[in-house]
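Peer 1: 3D, please:
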Amino acid sequence: MPNPFDLTMRERQVMELVCEGADYPTIAQRLAISPRCARRRFETAVDKIGVKETASINRRSIAAAIRFDRAMRATQEAKNV
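Peer 2: Numbering: from 1, shown residues only. Have a look, this model is predicted:
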């Protein structure tokens, strides 16, 4: 089964930190990237998840999407072993 979100590892990390309430400068510091890169990774992940308005995002939906993405990747990896 294909991964519907296909988030990269970095996109998942950024989204997880957003779920924890971190802002872009904090995310950038924790991941050793620029704040601009953190914002762009977030925007790309939001596009992949399919959210049309950033204002409609809430932490629960992001967390659910990340859990689903992880489960799909684990399933794919198990099939490839």
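Peer 1: Mind giving me the packing neighbours of the helix or strand of the chain with the lowest mean pLDDT?
Peer 2: Ranked by mean pLDDT, DSSP states H and E, the weakest helix or strand in the chain is helix 59-80, scoring a mean of 78. Counting contacts by 3 or more CB pairs under 8 Å, 6 or more residues apart in numbering; DSSP states H and E, helix 59-80 is packed against helix 9-19. In short, each C-beta sits where N, CA and C put it, glycine included.
Peer 1: Beyond the helix it packs on, next helix or strand please.
Peer 2: Using DSSP states H and E, the helix or strand that follows helix 9-19 in sequence is helix 24-31.
Peer 1: now that next one, how far from the chain's geometric center?
Peer 2: Its chain's average C-alpha position is 14 Å from that of helix 24-31, according to CA atoms, centre = their mean, to the nearest Å.
Peer 1: average model confidence for it?
Peer 2: Predicted confidence along helix 24-31 averages 96 (mean pLDDT).
Peer 1: One more: stretch 43-57?
Peer 2: 76.
Peer 1: Which of the residues in the least confident helix or strand of the chain are classified as buried?
Peer 2: For helix 59-80, burial by neighbour count (16 or more other CB atoms under 10 Å) applies to 62, 65-66, 69, 72-73.
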